[in-house]
Structure formats: structure tokens, C-alpha cells
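>>> model the following, please.
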Amino acid sequence: MADGAAPTLERNRLASASPFEPLYGFSRAVRVGEVAGTAPIEPDGSSTVGDAGVQAARCLEIIANALATLGGSPADVVRTRMYITDAADADLVGRAHGAMFGNLRPAATMVVVAGLLRPEWKVEIEAEAILEKTA
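Below is the predicted model:
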């Protein structure tokens, strides 16, 4: 732009049942060309019960649903970040990731962290997707 101002991009926010969204000022997903992810939260706001693989599958289900709501799909994902609290869970989380992304194979990072917001969470996953502009 000639005046040096940044272009204004349309921002579409998608909320979920997470009680932390309004409290901490974030959205489940934001569409401004990209979409990002989640912790293992059920539709009623409770934590997903199960091992890291079950929790990862729930995170990925939330991400797929968010993408669909915003006009995308897992095929639009170009990068994921998986945060796990125990390195021993890497295979469970990796297999859940592979079940969703298979041959799509987005760039990915898995990081072991000291902890997540709720102590029962074993994994949190972010996904970045490039979505076509809508009409």
C-alpha cells in the first residue's frame, strides 16, 4: 500500500466450549488465511478422559471441525505443533496425528513441555492451514 498501512484482512473467529476463551482472550480458531488449534476439550467444556492418544485424537477432531466450519479441511493444514507432557506419549500422539494427516504430511513439531493449563491434559495441538479466500 502506498501509505505504508498494513492491509486490513477479514477476521473470522470460531468459539468452542472452552471456558478459557473469554477469560483469557483467545478463539478456538481464527480465519485470516490460517487456522490454529486446541487442547482436549469436550463439547460441554470438560477435559477429554483417556491416554495421550485419545486426547490427541480429540484435539485433531476439534481442529478438523473448526476447519470445516471455516471452509477448510485437514488437507489445508501445512504445519502442526504437538505439545506433550511426557516423552513416553510421543508414539500415541504421533499415531493419532498420522491417522488424520496420513499422506498429507504437514510440517510438524512435537515438543515435550513441563505442563499444560489443566493437569489432566497430556497433549495440546496447534494446526496452521492455508485456506482459499471465500467469495
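>>> what separation is there between A66 and V113?
Distance, A66 to V113, by CB to CB, to the nearest Å: 22 Å. For every residue, glycine as well, the C-beta is placed using N, CA and C.
>>> between these two, tell me which one has more neighbours.
Between A66 and V113, counted using other CB atoms under 10 Å, the more crowded position is A66 (24 against 11).
>>> quick check: the more buried one vs S18, distance?
Taken as CB to CB, the span from A66 to S18 is 12 Å.
>>> the chain: strands as residue ranges?
12-14, 29-31, 77-84, 107-112, 123-129 (DSSP state E).
>>> got the angle for the longest helix anywhere in the chain vs strand 77-84?
In the chain, taking DSSP state H as the definition, the longest helix is helix 52-69. If you take axes from the mean of the first three to the mean of the last three CA atoms, to 10 degrees, helix 52-69 sits at 150 degrees to strand 77-84.
>>> and the angle from helix 52-69 to strand 123-129?
30 degrees.
>>> other SSEs contacting helix 52-69?
Judged by 3 or more CB pairs under 8 Å, 6 or more residues apart in numbering; DSSP states H and E, the packing partners of helix 52-69 are strand 29-31, strand 77-84, helix 90-101, strand 123-129.
>>> pick the most deeply packed of the ones you listed.
Among the helices and strands packed on helix 52-69, strand 123-129 has the highest mean neighbour count (mean count of other CB atoms under 10 Å), at a mean of 24.
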